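# the following block contains a protein sequence and its predicted model.
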Amino acid sequence: MERSLRNVPVPRSGSGGVMSTNLERRQQLSDPVGRLARMIEIREFEGRVKALFLEGTVSGTTHLCEGQEAVAVGLAAALRPTDPVTCTYRGHGVALALGCTPTAVLGEIMGRSVGLLGGVGGSMHLCDPDVGLLPTFAIVGAGIPVAAGAALTAQVRDRDDVAVAVFGDGATNIGAFHETLNLAAVWRLPVLFVIENNLYGEYTPLPRTTPISDLADRAASYAIPAEIVDGQSLDEVSAAVSRAVARARDGGGPTLLEMKTYRYSGHSRTDTGPYRPDGELEAWSKRDPITLYAESAGLLRELDAIRADVIAQLDAAVAEVKAAPAPPIEAMFRNVVAES
Amino acid sequence: MTKLRMRQAVATALADEMRDDPTVVVLGEDVAEAGGVFKATDGLLAEFGPKRVRDTPISEMGFLGAAVGAAATGLRPVVEIMFGEFLGVALDQLVTEAAKFRYLSAGHYPVPMTVRVSVGAGVGFGAQHSQCLETWCYATPGLKLAVASGPQTAYGLLRAAIRDDDPVVVLEPRRLYPERTEVTTGEAGVIPLGVADVRRTGEDVTLLGLGGTVPTVLDAAEGADGWTAEVIDLRTLLPWDVEAVLDSVRRTRRLVIVEEGPFTGGWGTEVASRVAAELFGVLAAPVVRVTAPDVPVPYAKPLEERYVPGAEYVREQVGELISSGRLPKPWWEAR
């Protein structure tokens, strides 16, 4: 009773022409220039999204991830496209890192037919089975047990996939986090729990909601190995993910990785982050993940050229999405239940 | 045909699907070693082993969520929720994740997950272990909901649910677990979702039951004096068989819906509104809903027995409707 549905490719007008396909884009992360370019792409992409929302031409809200690019790209570079990933509503960066095209992601954010879901999802709902991205979650913590379930599939079906749940610091206070870590530990599931600790749960700083500052400490009570990782360093992110993935593929069970990172923007569209202490943003900006990686990879001199190339492609994507039609009314009736 | 108790019919359906499809797995509290607190998974661990039959921690949000992820990526998990109320701590995974996954993945990640849930009063478990809760799943496009009314429906609906490519909740009225009847197993016993069953024909009124109220309305019809009733087991609530109900009421011109849950907001409101709207002018009497009162399920035996609509009460209500043509008052208003 195998279902064939999963492997039907989504027709996307935005992935043709000179643009790379999602899987080609994933492959580009094997190269340092590709990794740097992808981080820049995420940064520039989020800037454009913010501008489009502030223009008032896009409805609803959006959650940006500038500052957290090394986590997304470092993670994607260490996974296979067949490894299933669950991610939060702050997911533009992870989607782009995994390989989704800027046109398909922006198309979804702007509710256009060229979007990943043809426009029925919006900013918080991205998905691309080709690169392992399960539907992203607008409910804090909801993707954590779902990733454990994807790991269960791998375990029961003897596949060597490793599932990954990406979530924020705030999600470590919801029941789903604790229930899932416990379950994953007793079932020894091949799953990685990746915390993007950006210091704020929505508008509230971590110390006001959480009695510990190192969230990795929580793994100990579930007998799960954990690491605290410099989330601004792409190489350290990739190395930690690779270690955890290797252990999981080897039957060693789950790992918790706490990525110490920072959200340059506020929580959502209208939030400018006035609650941040003076100097905090500036201090984190001094350890900007793009600059750090350009330095460590010896690519500082290429930075401007790479950025110019990324911007040219993004500008083309923005133009393409702006010109794309809204989905037909009929689109809302598709994929509610199986067609009989 | 073989004689089975309802709990054995459930275990048989699970075993039959697990033999046919190696991707079917069973998860839940006490389902493996103990064979389920209601013994509805008895024998599965011995036949299918610990990889496919798993005891879970007491973590409904965790294991129901895991079932969503497993279903989206290539398994057909069947989750047991021991008491319906325990779904409350996991409802997000059912109504907001599982039910939306197909939609939010352009059809690429359907969730062929089955959630078996024991429900209902009549066993003395008190207010937090006796509710019916069909309505918790209502108004959730993407979800399907079937309700067993005895061994045959427990078998046939469960097999159809497991094969379905969408998340399906199957409610099992727990007071029926010991019920024992002949059951057709195998392919002939599979009951398609969305199809009601006319259990008995009659002329004066259509009695519509679901789950635990089906045996009640059959009893009520059996002992009727001066009128005959057509009895329908709705079997599936999401989606429900509109045509079968309309077809019957067109002939009998009267509809009495018998529900076990509280009056306000019960599943019958949807059926009543639809039938009243479609058959206005055909109906010889108002559509009646016979339900429990708007109170939590009480514990003391005489109170619990009064709470659940019984066959005699249903007969009284129907008799009054037919003789007066007017809406009978529920017992708690006539106090």
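Looks like it came in fine.
# so what's residue 296 up against?
No chain specified, so I'll use chain A. Contact analysis of residue A:296 by C-beta atoms under 8 Å, 6 or more residues apart in numbering or on different chains lists A:233, A:235. Placement of C-beta: from N, CA and C, glycine included.
# sorry, should have said chain B
Residue B:296 touches residue B:127, counting by C-beta under 8 Å, 6+ apart.
# do you know the pLDDT at it?
As predicted, residue B:296 sits at a pLDDT of 97.
# could you do the one 4 residues further on as well?
We note a pLDDT of 97 for residue B:300 in this prediction.
# equivalent analysis for residue A:261, please.
97.
# mind listing what's buried in stretch A:242-254?
Counting neighbours by 16 or more other C-beta atoms under 10 Å in any protein chain shown, one finds that the buried residues in stretch A:242-254 are A:244-245, A:247-249, A:253-254.
# keep only those residues that also lie close to chain B.
With respect to chain B, and counting by C-beta under 8 Å from any C-beta of the partner chain, no part of the buried residues of stretch A:242-254 is in contact.
# now pLDDT too, for the residues you listed, in JSON lines please.
Compiled in JSON lines, the buried residues of stretch A:242-254 are given as follows (pLDDT from 0 to 100):
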{"residue": "A:244", "pLDDT": "98"}
{"residue": "A:245", "pLDDT": "98"}
{"residue": "A:247", "pLDDT": "98"}
{"residue": "A:248", "pLDDT": "98"}
{"residue": "A:249", "pLDDT": "97"}
{"residue": "A:253", "pLDDT": "98"}
{"residue": "A:254", "pLDDT": "98"}
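# gap between residue A:199 and chain B?
Applying C-beta to the nearest C-beta, to the nearest Å, one obtains 26 Å for the distance of residue A:199 from chain B.
# can you tell me which residues contact the residue lying closest to residue B:1 once chain neighbours are set aside?
Nearest-residue entry for residue B:1: residue B:182, 4.7 Å, with adjacent residues in sequence omitted and distances by C-beta to C-beta, 6 or more residues apart in numbering or on different chains. By C-beta under 8 Å, 6+ apart, residue B:182 lies in contact with B:1-3, B:152.
# what about residue B:182, which SS state?
Secondary structure for residue B:182, judged by DSSP: H, G, I helix; E, B strand; the rest coil, is strand.
# so how far is chain A from it?
As defined by C-beta to the nearest C-beta, residue B:182 lies at a distance of 28 Å from chain A.
# over to residue B:137?
Here the criterion is C-beta to the nearest C-beta. By it, residue B:137 lies 14 Å from chain A.
# for that residue, what are its contacts?
B:94-95, B:143, B:145, B:169, B:237-238.
# around residue 278, count how many other residues there are.
Let's take chain A. 6 (other C-beta atoms under 10 Å in any protein chain shown).
# the chain in question should be chain B.
Burial of residue B:278 is recorded as 15 neighbouring residues (other C-beta under 10 Å).
# contact partners for it?
Residues in contact with residue B:278, defined by C-beta under 8 Å, 6+ apart, are residue B:246.
# what residues are up against residue B:87?
By C-beta under 8 Å, 6+ apart, the neighbours of residue B:87 are B:60, B:64, B:81, B:94, B:115, B:117, B:133, B:136.
# now with 10 Å, please.
With C-beta atoms under 10 Å, 6 or more residues apart in numbering or on different chains as the criterion, the residues that contact residue B:87 are B:60, B:64, B:79, B:81, B:93-95, B:115, B:117, B:119, B:133, B:136-137, B:169.
# and the residues you listed, which are buried?
Taking 16+ other C-beta under 10 Å as the criterion, what is buried in these is B:60, B:64, B:79, B:81, B:93-95, B:115, B:117, B:119, B:133, B:136-137, B:169.
# widest-spaced pair of those?
Within these, two members stand farthest from each other by C-beta to C-beta: B:93 and B:119, at 18.3 Å.
# by pLDDT, rank the contacts of residue B:182 and give me the bottom one.
Least confident by pLDDT among those: that is residue B:1, with 85.
# quick check: the residue nearest the centre of chain A vs residue A:119, distance?
The centre of chain A sits closest to residue A:94, judged by C-alpha atoms, centre = their mean, with a distance of 2.1 Å. Distance of residue A:94 to residue A:119, given as C-beta to C-beta, to the nearest Å: 20 Å.
# any low-confidence regions in the stretch 1-150 of chain A?
A:1-19 (pLDDT under 70).
# where do the strands sit along it?
A:85-86 (DSSP state E, counting those that start in this stretch).
# ok, back up a step: also within reach of chain A: list those from the contacts of residue B:137.
Contacts with chain A are made by B:143, B:238 out of the contacts of residue B:137, judged by C-beta under 10 Å from any C-beta of the partner chain.
# turn the contacts of residue B:137 into TSV, columns for pLDDT and distance to residue A:81.
Converted to TSV, the contacts of residue B:137 look like this (pLDDT from 0 to 100; distance: C-beta to C-beta, whole Å):
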residue	pLDDT	distance to residue A:81
B:94	98	29
B:95	97	31
B:143	98	30
B:145	98	36
B:169	98	33
B:237	98	40
B:238	97	36
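# so which of the contacts of residue B:137 comes closest to chain A?
residue B:143 (8.6 Å; C-beta to the nearest C-beta).
# doesn't residue B:265 lie inside a helix?
No. Residue B:265 is assigned coil when assessed by three-state DSSP, not a helix.
# what about it, neighbour count?
By other C-beta under 10 Å, 12 other residues sit near residue B:265.
# quickly note the distance from it to chain A.
Counting by C-beta to the nearest C-beta, the separation of residue B:265 from chain A is 23 Å.
# wait, that residue touches residue B:294, no?
Yes. Distance between residue B:265 and residue B:294: 9.2 Å, which falls inside the contact criterion (C-beta atoms under 10 Å).
# what comes up buried for the longest helix seen in chain A?
Criterion DSSP state H: the longest helix present in chain A is helix A:32-55. Along helix A:32-55, these residues count as buried under the neighbour rule (16+ other C-beta under 10 Å): A:32, A:34-46, A:48-49, A:52-53.
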